[in-house]
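1. got a sequence here, can you model it:
(chains A, B and C)
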Amino acid sequence: MPELLIAACGLWLTGLLLALLRFSTASRLLIGIGAAAGVAAAVSALPQGGAVLALPFALADQTVRLHYAPEALWLMGFGLVPAALAVWLCSPVRSGRPGWLAGAALSLLGALGVYGVQDGYSFLIAWELLSLGGAVMILSERLSPSSGRSILFMLALLEVGSVAIMLALLLLAQSAGGSMDFARFLAGAQTMSGGLRIFVGALLVIGFGAKLGLLPFYEWFPAAYGAGSGASGAIMSGVVLNAAFFALARGLIDWLPSGGDWLFRLGVGVTAVGVLSSILAVLYAFQQDDWRRLLSFSSAENAGIAVIALGASLIFREDGHSDLAGLAWTVALLHLAGHALAKGGLFLCADGVYGASGAYRISQRGWLRAAGLAFGIGALFTAMSLAAMPPQMGFATEWLTFQTVFQGYHLSSLAGRLTLALAGAGLALTVAIAFATFVKLLGIGLLGAADQTKSTRIGAEYGLAVVLLGLAVLAAAVGLPVWLIALDDADVVQFGVHSAQAMSSDWLLVPLTDKFAFISPSKLVIAMPLLAILPLLLLLNARRHAIRRARVWYGGLHECAQRAATTSLTFANAMRTFYSFIYRPTLDTAREHRAVAYFIRRLEFQHDVADVFGPLLFTPIRRGVWRLAGRLRALQSGDLNFYLALIGALLLIILALTLR
Amino acid sequence: MTAPVLEAVARADLLRRCRSAVDAGARMQMAYAWFPDGPRNPEVRYVVYAGTREPLQVWRCRPGPQTLPSLAAITPLLSWYEREISDLCGLQFEDQPQPDPLVLLPGATLSTPPLVPGVNAALSYAAAPSTLPEMGGSTRDDVQSLPFGPVRADVLESAQFNFYYLGEAILHYHPQLFFKHRGMEKRFEGLTPELGAVLAERVSGVGSVAHALAYCRALEAAAGCEVPPRAQWLRVLLAELERMYNHLHYLGHLCHTTTLKVGEAEGKYLEELAKQINCRAVGSRLLRGLVSPGGLRREPQLTGLAAQLDRLRIEFARYGLMLEASTTHLDRLITTGVLSRKLAFDQGATGPVERASGLDRDLRRDQPYAAYRELPLKVAVREAGDAHARQQLRIAEVENSIELMLELLQRLPGGALSTQCRPSSGSEGLGWSESPRGSLYYAVHIDEAGRLARVKIKSPSFSNWRVFPFTVHDSNMMDYAINEASFGLTIAGCDR
Amino acid sequence: MPLWTLYGLRQGKASTRWPASGDDGQSGTLGMPHFDPAKCQEGCRRCADACLPGAITVTGAAHGTRVAVDYGRCVTCQMCVEVCPTNAFTASGDWAFGVRRREELIWAHAAATNDAQALKGQIHRVFGRSLHVRHVDAGSCNGCESELQALNNPFYNLHRLGVFFTASPRFADLLLVTGPVTYGLRGPLLEAYEAMPDPKFVMAVGTCAVSGGTNGGGYACGNGLDGVVPVDVYLPGCPPNPAAIIHALLMLLERAPQRVHGGKIAAGDNGA
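-> Sure thing, here's the model as predicted:
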């Protein structure tokens, strides 16, 4: 197994080099093969987890050691499948491909590091490589004139996260006696006080939440994803998102002790953050009219759901229910696995639409007619999974998340039961709006009458990639009772119970016991086609009657179907009014008149929803920073004497410090 | 009844006269063109309504070969008349704010302007989309456009309504009318005056009496004949019977749009009773076949009419009270489709629509005709300008009409029913009446042979359809049907 | 807040039982004038000159056949009744003039042949109890619409006969057209006809739809439905009153007999 990972790393480095030398095709091939090698490594090494691999150099007196736990391989494997396809299809912007491939290689290398390194210094380097890679990918594409600003905003928020991670690592290292080795952190954390442990936990949530998209950090998602392409999104929402969650889960479960009142409070906090993030993210996802922005908000929402499961795991753990803690933790991993596949598929759909139409707009142009059957099936399966429709993976994992939260009645304290009950309610709201969101995406983005003006088709390669991912999602759901065994050993290591094994009983999926509830995507995938036999027979029977095709009835005149079709705004408009206390929507119509008022010549219409944290948090902070920068401008006085005086003062301070 | 004052105005003076008239508070009522001597020498006539009790002014202008200055910048309501003159008579105007064809549908072309005497115009038509204002902004793709019609749901007249809307909110509304343009004004050419009365009744089917009355009065003005008093009084009876059944219809239809089912059924039932009263009295449910130039054609059957009207009044009083007390119904009407007073005046609103917006104008009282001067006429006015005010106004008008008719039946004079009416060749006349929907004008010109040379019809629905879109912009879809029902317009009257 | 339901219940049933029994609501109506050629005066053209839609034409043949009357063009203006010096034209209360063939509306001296057209018993079996009607206004003056809208008021209550107006031609069995077919509405009318599924029927309601009436012709109008869509029932009248429309609908459904043959109405009551 280590050979495959080393091969992956080597291929990515070579691909990076080739990309910098502008050999795009070769680079694409190599990076893609590297990703495939990564997938193969994950498949071959589960369930035992990889062997420890020590690298022959040290970083700040710390040997760099690489160890891939089963959960790391699980998340990495599922994330690399869409990454491989995204790299092979590459960015649709041809001129930016070398830069994009370099960024992709950097992200993948960073992800490899985040999943595997076991010490703080190299972890931080790998973490920054993830951000750097994402930024390079999006900036190379130059799809939007304001991509610079969006990336700056993204990097600013990610740096806030990095600072939080650094602080947390420093605190943990200090308690561990100065060592940045992760293996020593748990022992060191035992010596921390309860308040300090909550503080470290909060820092970890902020730090990794910045990349996961927990509130308020999801605000960089639309701008940054909206400046890139679907391929960038497939990588950023797949392997990179999974890496961030893996790091958060490890931080909260491996590095912090497993009992005490503080853990309960931390767990409630994490659950609350997860619930609110997912609700807000999905509300904004529903209002978007750009493929990438909608899918980016949906990634934040799904990350929030995984964080809810993680919070539940912490609460169960504190109360002594290790089996339920293991269940919750496993469910989070399953959810992100399915999400990576499905989200990658839809991002590649977006690229297909872009290639055919030149824009990422969600509007009814009848793309499903212009694409092949493969594209349609793939798009349908991936959207079904994200909308949590049976028998897809998304349905199975959402159901399991609900079951986990329902197990809250086992908790001994009222506060715990209440928290999980409210989390269940929030989860229900999220899932309902997510369903509507994906109905909108599929319905308006892909359906509709054929566009009369253009007749471009979606490329066959996109159809192939999307159908592969759609079938992968279905296969993941159908074979889940089998794939679950791969996580069993990880459960034993973390929680001491065979939770994963207990989650499947025969071909049913159960929340540890089949007396409570059960579903079975494996059986559904057989039963659903059987149920369809009767309607299909009726359909075949109906074909015996001659069908006369008539035009759509519009009241007697022929109208352009495109102009009258539901748009993404009108689909979501009712929710905009209903939740106006969150959205604070604006709608302006400016009318231009001819010579005299009353004779209207032109209408200009603008609409928008307001962000929650933008005006509340980021704008005041930005204004404060500008004000501070304005004050500090005094340092740029341009006066030579002032500079000499500063240098003199600095010299004095250095002398004072060193001559001690 | 004071006759209109005719005045010749030079082309160069038109703008100045118009501006001073508008500044003095007059309303430019209508404009039309005709060809007194040949296609090269048109004459444009403007009817100006100076003050409510003063006689109407008719300005005549012969532009010769030049184009006319457009007065629409001063009086927006003249825009439609100028566009119609361009379409049907071929005259051009300078600086029109909106020079698009009005009466001809987009995609229709005429070989020659049809109202030029002695020509047979040929019309070719290939359907084209309506010209709507341009939709700009980065988010224009988000706006839906709904073309509704011309064949609409339910038993309704044909017209196409174009909406720019977002699910519920209407951004812009444009009614594409004139699908039903039948060229009625051309059909009058060459008819004898008596047959013209038969045709006038069929321009707008539910306004037969008002149209026939305005036409006959125009002829009587041209002939200078005096209609006998009994005929004048009976004409008032017919006009008020027509007003009654029309208002009952619109009240019932308004309940239909607010889904007040029993209210709708009762309103339509009362309308049916009114039509059956018409049938028993006159022989025609729509009161056709009675009004002719010089008086009436035959005696209506008046026995039992007062008793029937009394029964109807009692039932209607209860209905009106119930309508005004139904809060769910009123909820849908209050603040729906508000028409401000200034807008109503500038855009030429007429009839119940303008009286509900605070404009106290009624041709029966201000320019009395038939026997209105001798009868106690009450004119209702409301200030709010919303759908509720229009309902209140119609209820008040029905009550006033029934009261007027009962008074009339008691004091009806005897005497002849008609007199000779032979307009001499080359004569002309302007007749008007207050139809259930507003002010209606007929301008009639007689040729050398004593037949009709040119008839211009200004129907109240033509004026009100111009006003209606302004109450729909920035409203919402749920209120649209209620607003349209509260206006109570016909499309046949507008399209002619 | 008034209790409308209670009010409606207290008002009771306002529907007439016609055509089974009872009041048809048309007492006092002046319908299509009755023509007696025996009283016609030689050399007199007054009726033809007074007829605006040209329903009466003088052919100049021998006495008795020199005046031709086409009731498909009659607008019941009663001018012919008033100007005729010999009462050849008299006012009548006949309005049930729905016919299946256009020729039946033309007054013929000889007795008309029996309605030889084989009644399609199919219609009664399939549509007899439930007929869905799509109305298209092809340029009427709104008078016919006023009478059509009256069909759903509590007095006539068309629903009790199983006839309904639909919003979309896709659910319609019968296309009911009023108006002389203006240039702008010819296309939409044909679209509505095409949008209806088979089997479908067409009824021309009003003199304008039957023959153009007073409004047809000219630069903007056609002359009725003939030549535009195939017509199954012609109902002249200006406008035809709701009872006449009900009679024509029932006649289409073979629930009422055709009353007019060769321009002459059968003796007896109007309607059933």
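2. how about the contacts made by residue 260?
-> In the absence of a named chain, this looks at chain A. By C-beta atoms under 8 Å, 6 or more residues apart in numbering or on different chains, the contact list for A:Gly260 reads A:194, A:197, A:318. Backbone N, C-alpha and C define where each C-beta goes, glycine included.
3. please refer instead to chain C.
-> So C:Val260 contacts C:71, C:96-99, C:104-105, C:266 (C-beta under 8 Å, 6+ apart).
4. select from those the one having the most neighbours.
-> C:Ala96 (31 neighbours; other C-beta atoms under 10 Å in any protein chain shown).
5. in which helix or strand does that one reside?
-> According to DSSP states H and E, C:Ala96 maps onto no helix or strand at all.
6. quick check, pLDDT for it.
-> Listed pLDDT for C:Ala96 reads 87.
7. again, but for B:Arg364
-> 91.
8. in terms of helices and strands, where is it?
-> Using DSSP H and E, the element containing B:Arg364 is helix B:363-366.
9. what packs against the helix or strand following that helix?
-> The element immediately downstream of helix B:363-366 (helix or strand, assigned by DSSP H and E) is helix B:387-411. For helix B:387-411, the contact count by 3 or more C-beta pairs under 8 Å, 6 or more residues apart in numbering or on different chains; DSSP states H and E identifies helix B:229-257, helix B:305-325, helix B:327-333, helix B:352-355, helix B:477-487 as packing neighbours.
10. for those, which one sits closest to B:Arg187?
-> helix B:229-257 (22.4 Å; C-beta to C-beta).
11. number of nearby residues for residue 72?
-> Going with chain A. With other C-beta under 10 Å as criterion, A:Ala72 counts 24.
12. switch to chain C, please.
-> Neighbour count for C:Gly72, taken as other C-beta under 10 Å: 27.
13. now do A:Leu295
-> 29.
14. how far is the helix or strand harbouring A:Ser162 from where the chain is centred?
-> In the assignment (DSSP H and E), A:Ser162 maps to helix A:147-175. In terms of C-alpha atoms, centre = their mean, to the nearest Å, the centre of helix A:147-175 is found 18 Å from the chain centre.
15. try stretch C:46-55
-> 20 Å.
16. for the residue nearest to B:Pro129 when sequence neighbours are not counted, report the pLDDT, please.
-> Using C-beta to C-beta, 6 or more residues apart in numbering or on different chains and skipping the chain neighbours, the partner closest in space to B:Pro129 is B:Pro106 (6.6 Å). B:Pro106 is assigned a predicted lDDT (pLDDT) of 89.
17. and B:Pro106, that one's in a helix?
-> No: the assignment for B:Pro106, made by DSSP: H, G, I helix; E, B strand; the rest coil, is coil rather than a helix.
18. number of nearby residues for it?
-> When neighbours are defined as other C-beta under 10 Å, B:Pro106 has 16 of them.
19. before we move on, what about C:Lys264?
-> A count of neighbours around C:Lys264, defined by other C-beta under 10 Å, yields 17.
20. partners of it in the sheet?
-> Applying DSSP bridges to C:Lys264 yields these beta-bridge partners: C:His261.
21. quickly list what A:Arg602 is bridged to.
-> Per DSSP bridges, the residues bridged to A:Arg602 are A:Glu592, B:Glu134.
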